[in-house]
Structure formats: structure tokens, C-alpha cells
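Participant: Here is my input; please provide its structure:
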Amino acid sequence: MAHVKRYFFLVCLLLATVQVIFAASTRARSKKKTKDSKEKEVNVCDLDRRNTPMFCYCDNNQIRNASDVNCWIFDNVDVNDPIWEHFSSQLYLEKLTFIIRHGGTYGSIPTTVLGQMKNLQKIGFQYASIHELASHAFSNLPTVVEINLSRNMIVILRKYAIENMKNLTVINFDENRIAEINRDVFVNLPNLKQLFLNRNNVSILHDKAFKDLGSLQELELNGNQLSVLTTETFYGLRNLIRLDLRSNLLSMIGDKTFLELPELRSLELDQNQIEYISEKALDGMRNLKKLCLSENKLVSLEPDFLSGAPGINFLDLRENALKTMTFDNIKPIVTNLYNVSSHLYLDGNNLICDCRLAWIWGLKNETKNLKLKDVLDELTCFLESNNATTVDQDAVKGLNIPQNEAEYAADNLKDRDTEDDAYMGDDGNYYEEYEEGYGYPSRPEGNQTKVEIVEGKAGYMKHLFDLKPEELPCPEPSREDLMASEQPSSHRENSKAGSFSIFSLSHADRTDRNLSILILTAILPIVLFT
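Facilitator: A predicted model of the protein is given here:
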């Protein structure tokens, strides 16, 4: 019996020993397998440039330690290429940029890869061939704050292309080929502040295309082909502060076009083809401060076209075809222009020297802005003379004299391309930029009384302030109180003596003075050309 017990004990001991050895062997194999697995994981920051279509530059090459990765694509890569699997080695990136180099092609968004990133904040693609941005291309990426898709030949933006991104603040689509903006492209982006669509081919903005962008503050559509805007175009943009529509094909601004933009402070409409602005175009724009309309085709302005935006203190009307700028035009904002931060630009137009410009003397005297005084001092206008002789007009043909004020200004002004760094731009330096980059028209040297022909009429190009206000002719019977009765009494009382002398003249006095001017202008050419 003792022998049996001893035998049983030895068998149990042997079995226990075998079990321990087997368990140890299993653990060893498991550790080896894990080690082998780690050794096989490819670090996207350590790819062999010679054997892969993509090479990535990382701020830290250790696995899962990089935060900023810039990948260059040198060959054809599609969304199913195995190389995308290597991005699992760097799941904690904060910034990821793809640049397609010469010879490389890529045409889609690696949505699955982006969705794996735990801390991704900035995404960028440049020089890709993304013809179509598919639905849900960027979706449910809660940490992303900025998407840069400039220069990728994008033509079509599908519905829901960018959606459900609660922290996204900036989208950049500059320099693509986008033709239209449909509804529901941008959905559930509660913190989007800036949207850039400059230099595309956008000709159609569907009504309410931006209806879900209630937090947007800056929208840039510079350099597109927009020709029509309606009140519904900007529906939903209740917090927009700056709107850039420069270099489009707009020919008119209709009633209440910007009514959905109650907080707008800066509106840039330069370099369009605007010929007409409705009297109610700016209705509801109580917060507008800056209005830029340079390089359009405006010939005249509705009397109260600024009444809907009484807060404007920056008005740029350079390089249009305006024949006059009356006090009725400027009345809603004239007191704003007295401030040191005010801006008003009228040069490069076809202004006619007549009594409708008399208010400018009052503004020059009233404004505290010395640079504005200088700008006004350089204004030129065309003074018609009915007594310029045929000899004078024939002489003009042989002289290299601009035939209208637009040509005169173009000979003396340089092109400009100012882009604001902030919503309202760097207005404090605007006059310096004007002087350095755009230039004042230089006063002609020598004889300043050469006859010019403008729209078939003979006369002389004059600097407005070389004339006396009481000498300005009136084209037709006009109010005796062009400006005096319109000016706030406090300003009128504080004006310098004589600054409004034109407004106290009787109609008979002005007729006598105009007759004297005509006689002088008849005599001058004879003296000059004999």
C-alpha cells in the first residue's frame, strides 16, 4: 500500500512539473510574438524614401511621439495604398500636411486615417488633384480646428463634405476651381469663424448656402465670377464681420442685398463692374464702418444710398466714372468724416468742377484728420469752358494730354492690392499705403491751363482747391443752401470764417462771378496760344 502511494505521488509531481514547463513555454512564445509584432510595425516617420511613394518629415521620429508631420507624395498614391496603414505608428499628431510634388498624384481624402488621430488639430493638402470633395470627407473630427485645402484643383463640393466638427474654426479653399456653392456643404460647424474661397470660379452661390454658419465672422470670395447677389445669398450669417467680394462680375447692388448681415463692419466690393447701387442697398447695415467700391463703373450715386449705413467712416470710391459727389450722397456719414480715423477717397473719377462739390471745402475745414485733408487737397476736376476756341481744340490733338480724368489718374496712379490682416484692415496705415503704393496724382509742371476735351467738351483739368468755391459754376438752378442748412449747427458755428462763403452768395452774385470766369477763360487761350 505504501508503494502505491509513493508511486501516485511521483506521478502527480511529474504532471505538475510538465504543466509548469508548458506554461512557461507559452509565456515565452507570447512575449516573442509581441516583440516580433513591434519589430514589424513600420514608423511613418522612418520610411525608406527610395522605396515608397511618400516620405514624411516629423518633428520627432520616435513611434507615437511626433506632433507635426509634413508628408511629400512623389508618386501615384490612392486611398487604398498600404502606406496609409503606417500612420497608426503616429496616432497623436497635432498637425498633418500633405504636399504633392512633381510627378506625384493624389485625388481623395484619407478619411479613415484622419479618424484614427487622437489629437489632430490642423489638416492640410496642397497641389493634389481632388476633383470632387466627397460627402463626409471631413466628418466627426472633434479635435480639428483648421482645414487647409488651397490649390488642389477642387471643382465640386458635395453635400455634407464638411460636417459635425464642433471645434473647426478655419476652412481654406483658396485657388481651386470651385464653380458653385450648394446648400448643406457645411453642416453642424458651430464654431467656424473664417471661410476662404478666394480665386476660384464661383459663379453661383445658392440661396441659404451658408445658413448653418451662424458663428462665421469672415467670408472671402475675392477673385471669382459672381454676377448676382440676393438677400437670401447670405442668409444665416448673422455674426459676419467682414465680407470680401473684390474682383467679381457684379454689375449692380439691389435693395437690401446685405440685410442678413446686421453685424457686418467691412464690405469690400472693389474691382467689380458695378454701375448701379440701389438707394436701399445698404439698408439694415447699422454697424458697417468700411465700404470699398474702388475700380467699378459708377457714374452717379443715389442721393441717400448711404442712409442705411450711417456708421461708415471709411469710404473708397476711387477709379470709378463719377461726375459728381453731392452733399446728399455724403450727408448720412459726413460727421463721421470729421474724426481723426476717417477715410474718404474720390480721386480717379470724372468729377466736374461745379457747385455740387462745394461741400468738400467744408469737410476739409472740419475734419481733424490731416491726412484726409491732404487727400482732398489733391482732388482734380474738369472745368468746362464754352469759350475754348477751335484753334485751342486743334492744338490739343497734337499734344499728349489725357482726354478724361480716368486717363489722367491712370497715368499717375500705381496699381494696388491691399489685403487686410484683420477684419477691418490696418486702417491706421491706410493713408501711408495710399501714398506709397497708390500715389497722389502729381501736379502737372509748367502751364496748367492747356485745353482738354472730355466727352466732346473743351475745358481744363484743375485741382479742386486751386479754385475758389464762389467761382464754381452751377449746372442748373440749385438750392441756395447746398451745405449750410444741412450742416449741424455746432459745426457751422465753429467753422473757420469764410469757409462757407459760397453758401451765402445770392444767385445773382454767382451769375455775375460765373460770367467773369467765362470772360477770363475766353481771353486766356488767345493769350496762351499767340
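
Participant: Asn176 and Leu240, how far apart?
Facilitator: Applying C-beta to C-beta, to the nearest Å, the value for Asn176 to Leu240 is 22 Å. The C-beta positions use only the backbone N, C-alpha and C, and glycine is treated the same way.

Participant: For the stretch 301-450 of the chain, which segments are assigned as helices?
Facilitator: 327-330, 359-366, 370-377, 390-397, 405-412, 430-433 (DSSP state H, counting those that start in this stretch).

Participant: Show me the shaky parts of this structure.
Facilitator: Low-confidence segments of the chain (pLDDT under 70): 1-40, 103, 386-449, 476-530.

Participant: hmm, try it at 90
Facilitator: 1-42, 44-54, 61, 64-65, 74-87, 90, 101-108, 384-460, 470-472, 474-530 (pLDDT under 90).

Participant: Could you check which of Asn176 and Leu240 is surrounded by more residues?
Facilitator: Neighbour totals were compared for Asn176 and Leu240, and Leu240 leads with 27 against 23 (other C-beta atoms under 10 Å).

Participant: Please, which helix or strand holds that one?
Facilitator: Using DSSP states H and E, Leu240 is not contained in any helix or strand.

Participant: now do the same end-to-end measure for stretch 76-84.
Facilitator: Using C-alpha to C-alpha, to the nearest Å, the end-to-end distance of stretch 76-84 comes out at 13 Å.

Participant: now swap in stretch 76-86 and tell me
Facilitator: Stretch 76-86 stretches 17 Å from its first residue to its last (C-alpha to C-alpha).

Participant: now swap in stretch 303-323 and tell me
Facilitator: 14 Å.

Participant: all numbers from here: first residue = 722
Facilitator: OK, 722 is where the count begins now, so the last one is stretch 1024-1044.

Participant: Which residues belonging to that stretch are considered buried?
Facilitator: Neighbour counts over stretch 1024-1044 (16 or more other C-beta atoms under 10 Å) mark 1026-1030, 1033-1044 as buried.

Participant: Repeat that for stretch 926-945.
Facilitator: Neighbour counts over stretch 926-945 (16+ other C-beta under 10 Å) mark 926, 930-934, 937-945 as buried.

Participant: again with stretch 1056-1069
Facilitator: Buried, per 16+ other C-beta under 10 Å, within stretch 1056-1069: 1056-1059, 1063-1069.

Participant: Check stretch 814-827 too.
Facilitator: Applying 16+ other C-beta under 10 Å to stretch 814-827 flags 814-821, 825, 827 as buried.

Participant: Restricted to helices, list these.
Facilitator: Among those, no member falls in helices (DSSP state H).

Participant: Quick one: the residues you listed as CSV, columns for distance to His1184 too.
Facilitator: Converted to CSV, the buried residues of stretch 814-827 look like this (distance: C-beta to C-beta, whole Å):
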residue, distance to His1184
Leu814, 62
Glu815, 58
Lys816, 55
Leu817, 58
Thr818, 54
Phe819, 57
Ile820, 53
Ile821, 55
Gly825, 59
Tyr827, 59
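
Participant: Farthest-apart pair in those, please.
Facilitator: Greatest spacing in the buried residues of stretch 814-827, by C-beta to C-beta: Glu815 and Gly825 (24.5 Å).

Participant: just the helices in the stretch 772-921 of the chain please.
Facilitator: Secondary structure of the stretch 772-921 of the chain (DSSP H, counting those that start in this stretch): helices at 832-837.

Participant: ranges for the strands of it?
Facilitator: Using DSSP state E, counting those that start in this stretch, the strands found in the stretch 772-921 of the chain span residues 775-779, 789-794, 816-821, 843-847, 853-854, 859-860, 867-869, 877-878, 883-884, 891-893, 901-902, 907-908, 915-917.
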